[in-house]
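Q: Requesting a structural model of the entry that follows:
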Amino acid sequence: MPAQPFVLADQHPHSARARRANRRVCRVVLVSAPRRCQSSDVSLTDQPFTAPGTLAGPLLSWLPDETLFSLCGRLHRLWGYSSSWKSAEILFGGRRLGLHHDLPSALRTFSSRTGQLLGGPVPIAENRTLLRFYRPFLRPSAVAETVEIMGGPSVAHLKYKLGLLTSRFGANHPLKACIACMTADVERNGWAYWHAEHQFPGVWICPVHASPLRVSTVKHNGVERFSWQLPHDRNLTEVLGASEARCLHALHEFSLWVTELAGTDRDDGWLHAEKVQPTILRRMQDRGWITPAGHVRLKEATKSYVAHCTHLQSLPELAMLSTHEDGGCAQINRLIRPLRSGIHPLRLLVAIHWLFADVGDFVYGFVAQPALTADGRAVK
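A: This next block holds a predicted model:
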């Protein structure tokens with residue numbers, strides 16, 4: 001008699017009965033998410049299939065705005081393994097593969113071992129990892145190269161290739177979660193999970209609930225960094241204290257800008273520095289900070305820029321933003337002079353947030369207004 005496929009019914013994923021059933025399973029079933037699923041997700045089926053790899057339990061479908069690290073954390077919890085390396089070995093082919101929560105490795109193996117029911121390595125990398133944030137700021141060729149690296153066994157030098165390690169903003173991407181979202185997710189889906197947009201650099205206020213995000217203490221300082229984790233209030237700590245309460249409105253607005261600009265469905269590279277810089281220069285010219293002859297009135301521009309950055313600097317991620325004129329002048333020069341090296345996406349986003357009334361104002365200026373070149377003759 002053929003073995004019966006494991007079907008997840010109403011068993012709690014943490015129960016001993018569920019864990020025993022998971023270990024006995026010899027075929028794999030994709031368990032659909034309750035109620036709703038993103039329209040862009042891969043078409044899923046609840047029919048059993050023969051796994052091409054060594055999967056030993058059911059699969060779970062994507063939850064809305066879920067990261068790959070979150071999905072693997074839920075699978076690890078569902079399967080009941082006590083050691084993270086076991087699930088990593090099953091899903092990615094190695095004890096420490098795929099465990100980076102921001103830019104993971106071995107996506108080709110993951111896609112193969114899950115029968116591509118959760119998508120191929122390209123859509124997973126582009127939409128379910130932090131590459132989703134960086135894509136608008138990278139040339140299409142750089143995005144393709146990043147996807148290729150993430151498909152292989154090592155991402156050791158990827159952050160250096162992306163220019164993150166040499167940036168003053170750093171390459172650390174702390175895991176973040178919203179307590180209100182966690183409560184709603186448990187009620188709606190039965191799981192608290194990591195949302196992709198919450199992980200975006202610059203997003204520290206939940207765009208939905210306007211509440212400060214909390215940071216995971218488990219992976220943030222390297223503790224248990226090779227482990228699957230799901231958000232839990234006991235492992236989350238506050239970053240924004242009472243002293244920064246006056247800045248919450250500005251930080252919430254900035255978070256909304258980041259998710260709207262970086263999360264929008266546009267072509268890769270549409271926010272590349274070489275494309276954005278002319279729009280920044282045009283707006284500075286409109287403000288009277290660049291004369292028709294191309295001379296820059298740095299003193300007036302710096303005063304405005306420093307005042308704007310003061311409301312954002314309470315975030316550790318944005319602490320390098322200067323609140324002094326000398327530092328502010330240098331940062332503006334980085335934005336308006338001919339580009340000799342890459343500009344971190346956060347630097348561009350802060351400049352856009354400084355100069356434009358809202359996202360629509362920027363997009364209109366970006367698309368409709370004539371460009372102002374940024375060579376040595378135009379900006380003196």
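
Q: which residues of the stretch 101-250 of the chain fall in helices?
A: With DSSP state H, counting those that start in this stretch as the criterion, the stretch 101-250 of the chain has helices at 107-113, 121-128, 131-134, 140-151, 158-161, 179-189, 248-262.

Q: Export the ones you listed as JSON lines, with columns for mean neighbour count, distance to residue 295 and mean pLDDT.
A: Placement of C-beta: from N, CA and C, glycine included. Formatted as JSON lines, the helices of the stretch 101-250 of the chain follow (neighbours: other CB atoms under 10 Å; distance: least, CB to CB, whole Å; pLDDT from 0 to 100):
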{"stretch": "helix 107-113", "mean neighbour count": "22", "distance to residue 295": "50", "mean pLDDT": "97"}
{"stretch": "helix 121-128", "mean neighbour count": "21", "distance to residue 295": "42", "mean pLDDT": "98"}
{"stretch": "helix 131-134", "mean neighbour count": "22", "distance to residue 295": "34", "mean pLDDT": "97"}
{"stretch": "helix 140-151", "mean neighbour count": "18", "distance to residue 295": "34", "mean pLDDT": "98"}
{"stretch": "helix 158-161", "mean neighbour count": "16", "distance to residue 295": "37", "mean pLDDT": "94"}
{"stretch": "helix 179-189", "mean neighbour count": "16", "distance to residue 295": "48", "mean pLDDT": "97"}
{"stretch": "helix 248-262", "mean neighbour count": "20", "distance to residue 295": "30", "mean pLDDT": "93"}
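
Q: can I get the ones you listed in CSV with distance to residue 329?
A: Below are the helices of the stretch 101-250 of the chain laid out as CSV (distance: least, CB to CB, whole Å):
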stretch, distance to residue 329
helix 107-113, 43
helix 121-128, 37
helix 131-134, 28
helix 140-151, 30
helix 158-161, 29
helix 179-189, 40
helix 248-262, 22
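
Q: Figure out which of these is closest to residue 71.
A: Closest to residue 71 of these, according to CB to CB: helix 121-128, at 7.5 Å.

Q: still on that earlier bit, which one of the helices of the stretch 101-250 of the chain lies nearest to residue 350?
A: Proximity to residue 350 (CB to CB) singles out helix 248-262 among these, at 7.9 Å.

Q: Could you tell me which other helices and strands the closest one packs against?
A: Other elements packing on helix 248-262 under the criterion 3 or more CB pairs under 8 Å, 6 or more residues apart in numbering; DSSP states H and E are helix 345-355, helix 359-368.

Q: most tightly surrounded among those?
A: Most buried of the helices and strands packed on helix 248-262, by mean neighbour count (mean count of other CB atoms under 10 Å): helix 345-355, with a mean of 23.

Q: who's in contact with that helix?
A: By CB atoms under 8 Å, 6 or more residues apart in numbering, the list of residues contacting helix 345-355 from outside reads 133-134, 136-137, 169, 201-202, 253-254, 257-258, 261-262, 271, 273, 276, 280, 283-284, 287, 304-305, 308-309, 312, 317-318, 321, 331, 334-335, 362.

Q: Output the helices and strands packed on helix 248-262 in JSON lines; the columns should cover mean pLDDT and distance to residue 152.
A: Below are the helices and strands packed on helix 248-262 laid out as JSON lines (pLDDT from 0 to 100; distance: least, CB to CB, whole Å):
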{"stretch": "helix 345-355", "mean pLDDT": "95", "distance to residue 152": "24"}
{"stretch": "helix 359-368", "mean pLDDT": "88", "distance to residue 152": "35"}
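
Q: Let's have those in JSON lines, adding distance to residue 183.
A: Shown next, in JSON lines, are the helices and strands packed on helix 248-262 (distance: least, CB to CB, whole Å):
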{"stretch": "helix 345-355", "distance to residue 183": "29"}
{"stretch": "helix 359-368", "distance to residue 183": "29"}
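
Q: just for the stretch 151-300 of the chain, where's the confidence low?
A: Low-confidence segments of the stretch 151-300 of the chain (pLDDT under 70): 219-224, 241-246.

Q: which residues of it fall in strands?
A: Listed in chain order, the strands of the stretch 151-300 of the chain (DSSP state E, counting those that start in this stretch) span 176-177, 214-216, 236-238.

Q: next one: the first one to chain centre, how far?
A: With CA atoms, centre = their mean, to the nearest Å as the basis, the distance from the averaged C-alpha position of strand 176-177 to the chain average is 11 Å.

Q: Please indicate which of the contacts of helix 345-355 are buried?
A: Burial by neighbour count, 16 or more other CB atoms under 10 Å: within the contacts of helix 345-355 this picks out 133-134, 136-137, 169, 201-202, 253-254, 257-258, 261-262, 271, 273, 276, 280, 283-284, 304-305, 308-309, 312, 317-318, 321, 331, 335, 362.

Q: what about stretch 78-89, start to end distance?
A: Length of stretch 78-89, first residue to last, CA to CA, to the nearest Å: 16 Å.

Q: before we move on, what about stretch 168-180?
A: Length of stretch 168-180, first residue to last, CA to CA: 32 Å.

Q: and the residue lying closest to residue 159 once chain neighbours are set aside, what is it in contact with?
A: Spatial nearest neighbour of residue 159, excluding adjacent residues (CB to CB, 6 or more residues apart in numbering): residue 171 at 4.4 Å. Shown in contact with residue 171 (CB under 8 Å, 6+ apart): 159, 164, 165.

Q: ranges for the helices of the stretch 251-380 of the chain?
A: Using DSSP H, counting those that start in this stretch, helices in the stretch 251-380 of the chain cover 273-286, 298-310, 325-336, 345-355, 359-368.

Q: Does anything pack onto the longest one? Which helices or strands?
A: Right, helix 273-286. Using 3+ CB pairs under 8 Å, 6+ apart as the contact test, the elements touching helix 273-286 are helix 325-336, helix 345-355, helix 359-368.

Q: Of the ones you listed, which is nearest residue 85?
A: Among the helices and strands packed on helix 273-286, helix 345-355 sits nearest to residue 85 (CB to CB), with 33.0 Å.
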